[in-house]
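> Sequence and predicted model, in that order:
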Amino acid sequence: MSHELETSAHPAESRVGADATPASGPLRDLALPAGVVAGLLLGFGLLTLTDAAFIDKLLYILLLSLVAVSVNFTHSATGELALGQVGVFAAGAYGYAVTTNHYGWNGWLGLAFGTVFAGLIGIIAALPSLRIGSWYFALTSLFIAVVIPDLARQIPSLTGGSDGLAGIPPLVIGSHALTFKDVYGVAVVLVVMLLAALRILTHSRYGLAFDSLRRSPVFATSLGVSVVRTKALAYGFASVVSGLAGGLFAAVNGYVSPDAFPVSLSILVVAGAVVGGQESVVGPVVGVAILQLLPDYTSSVQRYSLLLYGGILVIVMLLVPRGLVPVITDGLRRGWRRIGPRRPDTPSASRRLASSSPVDVALPRAQLVTDLEVVDVAKAFGGVQALGGISFDAPAGFITAVIGPNGSGKTTLLNLITAVYPRDAGYVRLGGVSLARRRHRVAAQGVARTFQTPMIMAERTVVDNVQAGAFLTGRATFLESLLGVGRARAEQRRGRERALALLAEADLLHIAHRDAGEVSLGQQRKLEIVRSLALNPRLLLLDEPCAGLMGREVEELEGLLKRVRDAGYSIVLVEHNMSLVMSLADRVVVLDQGQVIAVGPSDEVQASPEVIAAYLGDDDGA
């Protein structure tokens, strides 16, 4: 079997992908260079100024910007709003202050300790997010911002109590103690490096994993992403950034007190991220700068600065909910398209790659075909028995269809196989090995699945969504992905080529660089299957892939599933489209009220009196 890459795009979409950015969206890619250039010019220009008070103000803005960027990162990576980052900022400051003041540590060693200490505090604060989410976690995380300053008041022998801790040594290079201007230069470099690193991260396997986690923990674990490990990684990294900012704050001020970290500072940081724009990595920096500088230039209302923050936040959320930077950047992009030079009509990036890529674009043969065994599996929700000890097997290299009336337990069965729900009884084996009871470990054993409602990252491109399915095939570490070095860059290049090859197999290459949320439902259904194949699975579980499709879309999906089966993959198909089931399935399992009532070839099953009764009712009922 061979399925060659098409070298011509569909007429309606001949320009799709030609100039599109194959990443997380144009806003971030446009905002970041502007932020880097502005940061460099601002930094090196202001280093020549002699106004120490103004530089002190700008330094404070940059340090708070690091905290705001970390808040924005945790929200982007996990979908949770961590309001306690100011408490982590305080932990970094006190970590530096105590070690250098009381124990005489070198400033750089104290800065390292404060940063690591803050990272640990951030991870501890994130533990509740493993059980709760949304605003419940936001409120519990705010507890850290309250308790750290209060704890400092309770141990005056160590922290100076309410009076604060003075005489904190500065950072020193040789015999030179770093001044406000020196630390400002360091802060500028840190902010620029952080923005650049986050931009690189969004293109990596970890960036895709974070986006999948924000979409849904169930979706993320179906790709093999560990929710616990990934959340801890996100909160730990963000806390290290905030802790580093706190250590620099203590080093440059020479004094810290609990009053320097009020709860209102948490509001300022979150407001800065929202006002600047959470879609942009540079947005929080712009937002914090606006909220810090505006009261200084409106001295008559400076005492009402908190009220001013709230007013600005409300106005921005009502008028420009995406934030200022994304809206401005989007406007500049549209304006440039109108007045800028037109690019020549060159082949799209995907077609150029397709014609030159050494990757074998035919659907790869399944590496290891294995039988699925479901034995006495049961599940009850309260007093409702969803599945009552069912057993069947799905032979390797075949399509096994699971059918039944609504409420018969079909989707529950898939959720039990993939450990979305814990099994009350029974076991599931793949190739004679029991499947794990942790969701992400099931994916690691080679089980990929789709969902009744397509689980996609709507703001990511189609090719990005396919690459997300290959998370477990990568070996690059988080640090390599953050810096874009070593294996990370090579893995990303190879993964992109393979994703384009799989899209070509499903006739989706022409939409590779469109946002997944913009394509049709039929294309999203096929996209889910292609993403599942990126895992190199041993078993595919498909949950109603034809739901909502009609006519040609069903025919195209049927053709794709036949090619997948012919390549040797094992498929368990839950579907209501009986004509599709009877034409595709090698074996049919029928469920009714949580029990298996028939198993066998499709022609035998559709003639079974029990199956007819389950779908149509018995003679008396009819």
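Structure received.
> Please make it C-alpha for all contacts and neighbour counts, starting now.
OK.
> Mind pulling up the pLDDT for the residue nearest to Val270 when sequence neighbours are not counted?
Leaving aside its chain neighbours, Val270 sits nearest to Ala68 (6.5 Å; criterion: C-alpha to C-alpha, 6 or more residues apart in numbering). For Ala68, the pLDDT comes out at 93.
> One more: Arg449?
Arg449 is given a pLDDT of 95.
> With Val359 instead?
39.
> can you check the one 4 residues further on too?
At Leu363 the predicted local distance difference test score is 61.
> Tell me which stretches of the stretch 151-300 of the chain form helices.
Along the stretch 151-300 of the chain, the segments classed as helices by DSSP state H, counting those that start in this stretch run 156-159, 180-202, 205-215, 217-222, 227-253, 263-276, 283-296.
> Return the distance of the fifth one from the chain's centre.
When C-alpha coordinates are averaged (C-alpha atoms, centre = their mean, to the nearest Å), helix 227-253 and its chain have centres 19 Å apart.
> Could I get the helices of the stretch 151-300 of the chain in a markdown table, plus columns for distance to Val428 and mean neighbour count?
Listed next are those as a markdown table, based on distance: least, C-alpha to C-alpha, whole Å; neighbours: other C-alpha atoms under 10 Å:
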| stretch | distance to Val428 | mean neighbour count |
| --- | --- | --- |
| helix 156-159 | 56 | 17 |
| helix 180-202 | 36 | 19 |
| helix 205-215 | 26 | 25 |
| helix 217-222 | 17 | 23 |
| helix 227-253 | 23 | 25 |
| helix 263-276 | 46 | 24 |
| helix 283-296 | 48 | 22 |
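> Could you tell me the least trusted of these?
Sorting the helices of the stretch 151-300 of the chain by mean pLDDT places helix 283-296 lowest, at a mean of 83.
> got the angle for that one vs helix 180-202?
140 degrees (axes from the mean of the first three to the mean of the last three C-alpha atoms, to 10 degrees).
> residues making contact with helix 283-296?
Contacts to helix 283-296, defined as C-alpha atoms under 8 Å, 6 or more residues apart in numbering, come from residues 61-62, 64-66, 68-69, 72, 268-269, 271-278, 301-302, 305, 308-309, 323-326.
> hang on, the earlier thing: for the helices of the stretch 151-300 of the chain, which one sits closest to Leu560?
helix 217-222 (21.2 Å; C-alpha to C-alpha).
> ok so Asp393 is a strand residue?
Yes: Asp393 forms part of a strand when assessed by DSSP: H, G, I helix; E, B strand; the rest coil.
> Could you report the neighbour count for it?
The number of residues packed near Asp393 is 18, by other C-alpha atoms under 10 Å.
> Nearest residue to it in space, please, no chain neighbours.
Glu373 (4.5 Å).
> Would you check that that neighbour makes contact with Ala396?
No: judged on C-alpha atoms under 8 Å, Glu373 makes no contact with Ala396 at a distance of 10.5 Å.
> how does the chain divide up, domain by domain?
As recorded under automatic domain parsing, the domains making up the chain are 26-262, 372-616.
> Which one, of those domains, ends up nearest to Leu319?
Between those, domain 26-262 lies closest to Leu319; by C-alpha to C-alpha that is 18.6 Å.
> The host helix or strand of the residue nearest to Asp393 pairs with which strands, and in what direction?
Glu373 is part of strand 372-381 when elements are defined by DSSP states H and E. With DSSP bridges as the test, strand 372-381 is paired with strand 384-394 (antiparallel), strand 425-430 (antiparallel).
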